[in-house]
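Trainee: no sequence on this one, just coordinates:
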């Protein structure tokens, strides 16, 4: 259950769901059938009746349980949370989500432990981070939020910023890499730049230069598997330690890619959310 304040005068419930939040027809129908939208006092509303600005709506609807098995305790940092979403800092070396029934210590398993502590049972990641990538991960706390955040990811209105130290020095201070990415036929998990692959766009800016390397900040316009790693390797500057993509091995055996910032206009709170990972 959550509450929402109408900001625009004379908007209807129907317009809020279909035009403002742009929920799918099936989800809107389910909300209507469940009589999910009422006044703050629980009184029913006419969906096509204009409502004055400042009207408080109450949303009450059944929320399914997610399939992630909770860990005994949540051992990851929750850096932001409200009624609709949370943002966690995923550690390096931890998968975003399970790939089989035996995989029970992923980021989402820890998130589920956090939800269980609150008496809740739903959490779904909006995007994902590679196992070797650390940093900020956005998680939806109910199906309406998941639907809206999924659309925002597709429409590139959730801005995801990463930091990486790469081999060598890029000539340009900033630029865009727009190369399609597909699977490598000769390797089960590796990706390659491919004309027949999926459209992929990465923007970069050099923020520090050293003798044999430089630090770049990167903003994803799309979210393909290994996108940043593939794009940087393609232009001849793989992430330091990323041996899968041609970099020299480091003493730690890791590569350094960090999801450092998430920025988006919150669809339910109607304010800008800007979260940075200081770790």
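Mentor: Arrived safely, thanks for sending. In this text the structure is predicted, and so the values were computed from the model without any measurement.
Trainee: Find the centremost residue of the protein, please.
Mentor: Central residue of the chain (Cα atoms, centre = their mean): residue 127, 3.6 Å from the mean position.
Trainee: Look up which helix or strand it falls in, please.
Mentor: Here residue 127, judged by DSSP states H and E, is contained in no helix and no strand.
Trainee: what's the answer for residue 79, then?
Mentor: Short version, using DSSP H and E: residue 79 is in strand 77-81.
Trainee: Now do the domain split for the protein, please.
Mentor: 2-59, 77-155, 161-258 (the TED database).
Trainee: what's the most buried one of those domains?
Mentor: Highest mean neighbour count among these (mean count of other Cβ atoms under 10 Å): domain 77-155, with a mean of 18. Any C-beta I mention is one placed from the backbone N, CA and C, and that applies to glycine too.
Trainee: if we can go back for a sec, quick one: closest of the domains of the chain to residue 265.
Mentor: domain 77-155 (8.3 Å; Cβ to Cβ).
Trainee: what's the first-to-last distance across the closest one?
Mentor: Start-to-end span of domain 77-155 (Cα to Cα, to the nearest Å) is 28 Å.
Trainee: same question, stretch 163-182
Mentor: 23 Å.
Trainee: same deal with stretch 44-52?
Mentor: 16 Å.
Trainee: Helices of the stretch 51-200 of the chain, residue ranges please.
Mentor: 107-117, 143-154 (DSSP state H, counting those that start in this stretch).
Trainee: who wins for proximity to residue 164 among these?
Mentor: Closest among the helices of the stretch 51-200 of the chain, using Cβ to Cβ: helix 107-117, at 19.8 Å.
Trainee: how big is the angle separating that closest one from strand 77-81?
Mentor: For helix 107-117 against strand 77-81, the angle by axes from the mean of the first three to the mean of the last three Cα atoms, to 10 degrees is 60 degrees.
Trainee: helices or strands up against helix 107-117?
Mentor: Counting contacts by 3 or more Cβ pairs under 8 Å, 6 or more residues apart in numbering; DSSP states H and E, helix 107-117 packs against strand 85-90, strand 124-125, strand 134-140.
Trainee: repeat that with 10 Å
Mentor: strand 77-81, strand 85-90, strand 124-125, strand 134-140 (3 or more Cβ pairs under 10 Å, 6 or more residues apart in numbering; DSSP states H and E).
Trainee: and the longest one, what's its mean pLDDT?
Mentor: What strand 134-140 shows for mean pLDDT is 98.
Trainee: Just want the angle from it to helix 107-117.
Mentor: Using the same axes, to 10 degrees: strand 134-140 against helix 107-117 is 50 degrees.
Trainee: got the angle between strand 134-140 and helix 143-154?
Mentor: Using the same axes, to 10 degrees, strand 134-140 lies at 130 degrees relative to helix 143-154.
Trainee: Walk me through which strands strand 134-140 pairs with, and which way each runs.
Mentor: If you go by DSSP bridges, strand 134-140 pairs up with strand 85-90 (antiparallel), strand 124-125 (antiparallel), strand 257-265 (parallel).
Trainee: can you tell me which of those strands comes nearest to residue 116?
Mentor: Nearest to residue 116, of the strands paired with strand 134-140 and by Cβ to Cβ, is strand 85-90 at 13.3 Å.
Trainee: Quick one: distance of the closest one to the chain centre.
Mentor: The chain centre lies 9 Å from the centre of strand 85-90; the measure is Cα atoms, centre = their mean, to the nearest Å.
Trainee: How many residues are close by the nearest residue to residue 272 once chain neighbours are set aside?
Mentor: Spatial nearest neighbour of residue 272, chain neighbours left out: residue 265 (5.8 Å); criterion: Cβ to Cβ, 6 or more residues apart in numbering. Number of residues near residue 265 (other Cβ atoms under 10 Å) recorded here: 12.
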